[in-house]
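> sharing a sequence plus its predicted fold:
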Amino acid sequence: MRKTWLLVILLSLLSAACRTDGTPARTTSEPEFPVTISSGDAEVTIEKRPERIVSLSSTATEILFAIEAGEQVEAVDDQSNYPAEAPKSDLSGFQPNVEAIAARNPDLVIYHFDPGDLADSLEKLGIPALMQPAAVQLEDTYQQISDLGLATGKTEEAEDLVESMKKEITEVLETVPEFEDPPTYYHELEQTYFTLTSKTFAGEIYSLLGLENIADAADTEGSGYPQLSAEYIIDADPDFIFLANTKCCAQSSETVAQRPGWGNMKAVTGDRVVELDDDVASRWGPRVVDFLEAAAEAVSELEPANA
Amino acid sequence: MNKSRPPAVELTGVSVTYGQSRVVNDVSLTVAEGAWLAMIGPNGSGKTSLLKSIAGLVSHDGEVRLNGESRSALSRKRLARLVALVPQNPIVPEGMTVLDYALIGRTPYINYLGSETGHDLAIVASVLEELDLVGFAGRTVDSLSGGELQRVILARALSQQSPILLLDEPTAALDVGHQQQVLEMVETLRVSKGLTVLSAMHDLTLAAAFAQEVALLSSGGVVSLGPPETVLTEPAIEKFYGAMVSIMRGPDGGLAVVPRRRAGRPSE
Amino acid sequence: MIASRAETRQGPVVLRPSSLKPRWLVVGVLVLGAAVLIGLLLGPVALHRRAVALEIVNALPFVKVSSGLSESHSAILWQIRMPRVVLGGLVGALLASCGAAYQGVFRNPLVDPYLLGAAAGAGLGITLVIAYGASGASLLLPGAAFLGAIGGVMAAYILGRSGSGSRTTTSLVLAGVAVTSFLTAVQTYVQQRNDETLREVYTWILGRLSTAGWREVLLILPYAAVSALVLFLHRRLLDVISVGDEEADSVGVSTARVRLLVVVAASLGTAAAVAVSGLIGFVGIIVPHTVRLIVGSSYRLVLPLSILFGAAFLVLADLIARTIISPAEVPIGVVTAFFGAPFFMMILRTSRRNS
């Protein structure tokens, strides 16, 4: 008994001695570094476990903290508002300033958008950069989570996260009734009637719920983000209206009901205008489950016999 | 001349300053009602500025009295009914017809938001007749030749029916025939309607022929004032214009100012 | 319509000054009516012609017919399309008449209602609200645009009226350029600092009638009425001041006062138009110029006809904007710009031919 204790103390002391930044020793096995992860069209090799991560992607920030890599994060961009403890800075994810990023002395930069020279500049400075573009389907999310797990040495936590997400999604989908005639929906990104089609990430979530998108027919260019007009939407009279502009632009079921001509739409009279959290509906991280749950809740209230 | 009525135009110590330069310097003169005063002088002597100051278009020191009243006491409309100015280089609005342009002369008689009456149009029609412009009534002013335009501008001024007429180089763009026609017309109107005419002119012979009084301006001041014979002398013209001329009497008794070549004098 | 006889060597003629003949008024009203009708009938959603006609007849007092339009189609007609067509007409009438008025005041057929800084001022106003306003601030946008437009013109006027005589118009134009440059620079800076505003500001700058409802129509109506009325009443005076400041003064008109009144009324109208519909360009130049080519330069015709034809033009331009890539919309400023380019080519060609 005493020998075991001594061994544990000795091992702890040894691990503690190897610490350089005072974080508590981990009890799981050391993950393998260096790792090579695909980054956009290329690959990035991370030599050792990063401890000063700069995240320029709000989704990546959410993932990092969900896989318990929060302590390895030095700074996050100005849009990363979740979770609250993330070290928000004034770095911009859309107009990244390489000098400002380098001033943080990062050992890994995660970004989702390169306006032109970000990757090159970071490479010249010898800073490893991992690009995680916007997910197009749910599978991309799971891939990005495990990539980040690999990148931070939190592979187990990443695996656990993916598993629990899959489980929750399956559970939620079970509560949703099946419809013979799929109910239709309109997902509003902006009051100028910019919307998304079922080919997008959010669109996939809605498709999982068995919903049909009124914008699919209008997306002649296949951009995935067409602009509709008020007339078109009123004529299509969708069963559900999902608002993804509640936080930025103060839209709500009341404001929608007051729009000229919208007052008699069935989604308005049937109280099926769903106010979503802008961020939850636009990111592709762990909170996609929350998004699915919010939509599923609305759909469950619809009687299966109608459409 | 009727001495019991106030002079049509009376200037006292009028000076006009543009920036640093004084273009009209302490000018005082009187023009009796119904008279014709020609202002002569080399370019830059202040003739145009003097005319503008009488019309109230430039700020000036000194006083201008019109028909005995101080000009500054008159409203803009009343002043326009009293004084009409024919400018030397007017702006020619694109696309405006001659008739519309002449009708602008009736503005002092039309209410702010009102429009012309048949009476206004009749007056303009008769002015156009007198100036032989009726055929041009529908043409646009920017399509006219220099001479035709000059007559149209005069038509606009005459439509104002003002007793005082200020002419700034009225014959500059006209051929000799039209020069004569215009000036004869002004003279006829002067006699028939008792107009008072002040004209800035560069043609000295014409000035002598039509004006009863001539004022010679130089560097903003009046250096000589009186009947044509007194003012238009060879030494004066040589001194102020720097030109050699011969002053002669024409067969009708009028003065003729004839430029001479420097090469020889008539007596040689 | 006054007329007078006069004698020429060839015989008597009748002289008639420029005035608005009833025939032109009728043409204008008919064109506008046709544009409105087409605008109501066409759109992203197909509505039956007869049904639309019956709906409109039903709206007349004491008349009750059933048009057969479904409730949602009826809502589209009355709540979306009709206010939009009416708003397009009001904005077009305002922009065209204010453009004609500015051209009269500045004696230049190519000046625009936006010349004195109205556009830049409005742009800055809405950018500030979009960037720094709380999320409910979109209600403030029309007010911000309006105040910005007025502010821009005032600044240009204060800076530029120091010139005198014929130099006044030049100095006003220069002041307008200075104000526009400065305000645009500030706006660009604010946009750069708040790049999430870029899309919304850009949409607004290109002009849109797409969120029109009857509310916007009511908002703009009083300003439109006052502005159009003042400009209409000044149509003869615009002709008078076209002979130049000095000469207009010499026939008894206070050119400075006329200019101030007209600029104020035209800027008010432009600011109101900009407040509800963003920056729609070219209307203020294309319409008055085309009217001049047809009926001549007298403002007695150009001003009233610009009101009618300006309304018709913008209704038709908006029709194109909302149907050509339906259900998406082309910003209406892009449509008018597409008209603008060939228009200026045509002017260039005719002026080359004339000179």
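Nice, I can see it.

> near chain B, which residues of the stretch 101-250 of chain C? Just list them.
Contacts of the stretch 101-250 of chain C with chain B, taken as C-beta under 8 Å from any C-beta of the partner chain, map to C:107, C:109, C:166, C:233-234, C:236-237, C:239-240, C:242-244, C:246-247, C:249-250. Where C-beta positions appear, they are placed from N, C-alpha and C, glycine not excepted.

> which of those sit farthest apart?
Farthest apart among those by C-beta to C-beta are C:Ser166 and C:Leu233. That separation is 25.6 Å.

> isn't B:Glu229 right up against B:Gly254?
No: B:Glu229 lies out of contact with B:Gly254 (C-beta atoms under 8 Å); the separation is 10.3 Å.

> what parts of the stretch 101-250 of chain A come near chain C?
Neighbours of chain C within the stretch 101-250 of chain A, by C-beta under 8 Å from any C-beta: A:190-193, A:218, A:226-232, A:234-235, A:237, A:247-250.

> all helices of the stretch 151-300 of chain C, in order?
Using DSSP state H, counting those that start in this stretch, the helices assigned to the stretch 151-300 of chain C run over residues C:167-193, C:198-206, C:214-233, C:235-240, C:245-250, C:255-277, C:283-295, C:299-323.

> off-centre distance for the fourth one?
Computed by C-alpha atoms, centre = their mean, to the nearest Å, the chain-centroid distance of helix C:235-240 equals 19 Å.

> without its sequence neighbours, what residue ends up closest to the residue of the stretch 51-200 of chain C found nearest chain A?
Nearest to chain A in the stretch 51-200 of chain C, going by C-beta to the nearest C-beta, is C:Gln79, at a distance of 3.3 Å. Nearest residue to C:Gln79, sequence neighbours excluded (C-beta to C-beta, 6 or more residues apart in numbering or on different chains): A:Gly261, at 3.3 Å.

> counting neighbours, what do you get for that neighbour?
If you count neighbours by other C-beta atoms under 10 Å in any protein chain shown, A:Gly261 ends up with 21.

> what about the nearest residue to C:Ala272 once chain neighbours are set aside, distance to C:Trp24?
Distance criterion C-beta to C-beta, 6+ apart; nearest residue to C:Ala272, sequence neighbours excluded, is C:Tyr223 at 3.5 Å. Per C-beta to C-beta, to the nearest Å, C:Tyr223 is found 26 Å from C:Trp24.

> looking at those two, which has the bigger crowd around it?
C:Tyr223 (21 against 18).

> now do the more buried one, the pLDDT please.
Model confidence at C:Tyr223, given as pLDDT, is 91.

> could you pull out the strands for chain B?
In chain B, the strands defined using DSSP state E lie at B:9-18, B:21-31, B:36-40, B:61-66, B:69-70, B:83-86, B:164-168, B:196-200, B:213-218, B:221-226, B:245-249, B:255-259.

> can I get the third one in CSV, CA atoms only?
Only the C-alpha atoms of strand B:36-40 are listed here, as CSV (Å, rounded to 0.1, in the frame of the first residue of the first chain):
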residue,chain,number,x,y,z
TRP,B,36,-27.9,110.9,-73.5
LEU,B,37,-24.5,110.6,-71.8
ALA,B,38,-21.8,108.5,-73.5
MET,B,39,-19.0,107.2,-71.3
ILE,B,40,-15.8,106.7,-73.2
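
> strand partners of it, parallel vs antiparallel please.
Within its sheet, strand B:36-40 is paired with strand B:196-200 (parallel), strand B:213-218 (parallel), according to DSSP bridges.

> just those strands: most buried one?
Ranked by average neighbour count under the criterion mean count of other C-beta atoms under 10 Å in any protein chain shown, the strands paired with strand B:36-40 are headed by strand B:196-200 at a mean of 26.

> low-confidence ranges in the chain?
Picked chain A for this. A:1-31, A:303-307 (pLDDT under 70).

> wait, I meant chain C there
C:135-137, C:162-167, C:211-212, C:354-355.

> chain A contacts on that one?
Counting by C-beta under 8 Å from any C-beta, chain C sits next to chain A at C:43-45, C:71-73, C:75-76, C:78-81, C:83, C:135-136, C:138, C:195-196, C:199-200, C:203, C:208, C:210-211, C:213-215, C:322, C:326-329.

> show me what the helix or strand containing A:Thr59 is packed against.
A:Thr59 is located in helix A:58-66, with elements delineated by DSSP states H and E. With contacts defined as 3 or more C-beta pairs under 8 Å, 6 or more residues apart in numbering or on different chains; DSSP states H and E, helix A:58-66 has these neighbours: strand A:53-55, strand A:73-76, strand A:108-111, helix A:138-152.

> for the ones you listed, which one sits closest to C:Phe338?
Closest of the helices and strands packed on helix A:58-66 to C:Phe338 is strand A:108-111, at 38.2 Å (criterion: C-beta to C-beta).

> which positions within the helix or strand just after that closest one qualify as buried?
Using DSSP H and E, the helix or strand that follows strand A:108-111 in sequence is helix A:118-124. Using 16 or more other C-beta atoms under 10 Å in any protein chain shown as the test for burial, helix A:118-124 gives A:Leu118, A:Ala119, A:Ser121, A:Leu122.

> quick check: the third one touching A:Asn97?
No: with contact defined as C-beta under 8 Å, A:Ser121 does not count as touching A:Asn97 (9.9 Å).

> wait, B:Val134 touches C:Thr8, no?
Yes: at 4.5 Å, B:Val134 counts as touching C:Thr8 under the criterion of C-beta under 8 Å.

> between those two, which one's more packed in?
When neighbours are counted by other C-beta under 10 Å, B:Val134 and C:Thr8 differ, and B:Val134 comes out ahead with 24 against 15.

> so who does that one touch?
B:Ala125, B:Leu128, C:Ala6, C:Glu7, C:Thr8, C:Val13, C:Leu15 (C-beta atoms under 8 Å, 6 or more residues apart in numbering or on different chains).

> what degree of burial does A:Val288 show, as a neighbour count?
23.

> so who does it touch?
A:Val288 neighbours (C-beta under 8 Å, 6+ apart): A:Leu138, A:Thr141, A:Met165, A:Ile205, A:Val280.

> I'd like to know how far it sits from chain B.
As judged by C-beta to the nearest C-beta, to the nearest Å, A:Val288 and chain B stand 67 Å apart.

> just C:Gly143 next, same as before
31 Å.
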